Each structure stands twice: as structure tokens, then as C-alpha cells.
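Novice: sequence unknown, structure follows:
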């Protein structure tokens, strides 16, 4: 075998090795990616059942129910983005700042029965904080226009406009304006 041919085979072998390593690395990343969704997005994509997702939104007022199953605290509540709501079940101790009308992000899986089974719950840390993904989803859905001011009070987010059986929509609450610069 000539020197040129030997170099060619070495270059081909290195290229195949590098290509294989790249393919394996990219497939490993794809399997471990966790996407953020809002309740409206989750409702539209039934194909996401069984896949690990981050669900973000506001805890609906009056929806939190706590029970104890075999010594483990279980919380069931609804998360809304103003258009849709998703039932969530979480087994474990909730964060201290978790409460109705506040923003939260849950990591978990949408079950075949339509309940989002959360393995982790993250609550907002003060009255001015909103996770970036939740804010982006609210802007995308038309529930918040930052140029008009601060978002509406969290307690009113589960009463935002929704289509009724007659096809009419209820009006959303008035936006609160703020002199504060962000």
C-alpha cells in the first residue's frame, strides 16, 4: 500500500470516528432535553404525553387540595395561563412560597389520564419575580402586554377571558399600569 493510500485510509477512519462520536453526543442531548410548555400549549399537543416537560403558569385560586397517602404529602392543584388549565399532582413537600395565585414551574410528565404528575415544583421567590418562560408564554397568548404595564394581579389570572359554550368571550380584567421602570 502506498503512502498516499495509507494517509487516505487514516483520514477516512478519523472522519468516521468523529462523525460517530458527534452522532452519539447529539442523540444523548436529544433524549435529555426538557421543554417548557404553558397549559395552552400542552392542551394543543397531545403527543407530549409521557415525555418529561416543564409546565409553567399560575396556581388557580381555590384549586389546591392537600392529602396524605401512606405517610407522603400529596398536593393536587390546577395551573393556568389564563386560557387553559391543567390538573397537577405532586407527591412531596411543596416549597414554602407555594400558594394560590402565584407563579410556579413544575417538572414532570403528562399522564394518559390528562393529569400532569410533577416530580419537582419551583415557586416564585417574591412578588416581583416571574419565571422568564412563564412571562414569555403569557405574552405569546396575549394575556400580558408589558408596554401597557405590569401583569394583572395573580389572583385574577384564572378568570381571564375564556370561550364559553355559546362562542362568546368574557372580557379580561383591566391591565394594571405601573410607573415603575423594569
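Specialist: Yep, that arrived. Quick caveat, the model's predicted, so the values are computed rather than measured.

Novice: Please report the distance of residue 102 from residue 58.
Specialist: To residue 58, residue 102 is 7 Å away according to Cβ to Cβ, to the nearest Å. Quick note: C-beta positions are derived from backbone N, CA and C, even for glycine.

Novice: neighbour count winner among those two?
Specialist: Between residue 102 and residue 58, counting by other Cβ atoms under 10 Å, residue 58 is the more crowded of the two (29 against 17).

Novice: Okay, strands next: where are they in the chain?
Specialist: 35-37, 52-59, 65-69, 72-80, 85-91, 103-110, 116-123 (DSSP state E).

Novice: And the third one, what does it pack against?
Specialist: If contacts are counted by 3 or more Cβ pairs under 8 Å, 6 or more residues apart in numbering; DSSP states H and E, strand 65-69 sits against strand 72-80.

Novice: Can you list the buried residues in the strand it packs on?
Specialist: For strand 72-80, the neighbour count (16 or more other Cβ atoms under 10 Å) marks 75, 77, 78, 79, 80 as buried.

Novice: what packs against the lowest-mean-pLDDT helix or strand in the chain?
Specialist: Every helix and strand in the chain was compared by mean pLDDT, DSSP states H and E; the lowest is helix 132-140, with a mean of 75. For helix 132-140, the elements it packs on are strand 35-37, strand 52-59, strand 103-110, judged by 3+ Cβ pairs under 8 Å, 6+ apart.

Novice: could I get the ones you listed as a markdown table with mean pLDDT?
Specialist: Formatted as a markdown table, those follow (pLDDT from 0 to 100):
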| stretch | mean pLDDT |
| --- | --- |
| strand 35-37 | 78 |
| strand 52-59 | 86 |
| strand 103-110 | 88 |
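
Novice: most packed of those strands?
Specialist: Looking across the helices and strands packed on helix 132-140 with neighbours counted as mean count of other Cβ atoms under 10 Å, the highest average goes to strand 52-59: a mean of 24.

Novice: top helix in the chain by residue count?
Specialist: Identified as the longest helix of the chain according to DSSP state H is helix 3-32.

Novice: That helix vs strand 52-59, what angle?
Specialist: Counting by axes from the mean of the first three to the mean of the last three Cα atoms, to 10 degrees, helix 3-32 points 30 degrees away from the direction of strand 52-59.

Novice: and the spatially closest residue to residue 83 that is not a sequence neighbour, what pLDDT?
Specialist: Once flanking residues are discounted, residue 83 sits nearest to residue 40: 4.6 Å by Cβ to Cβ, 6 or more residues apart in numbering. At residue 40, the model reports a pLDDT of 84.
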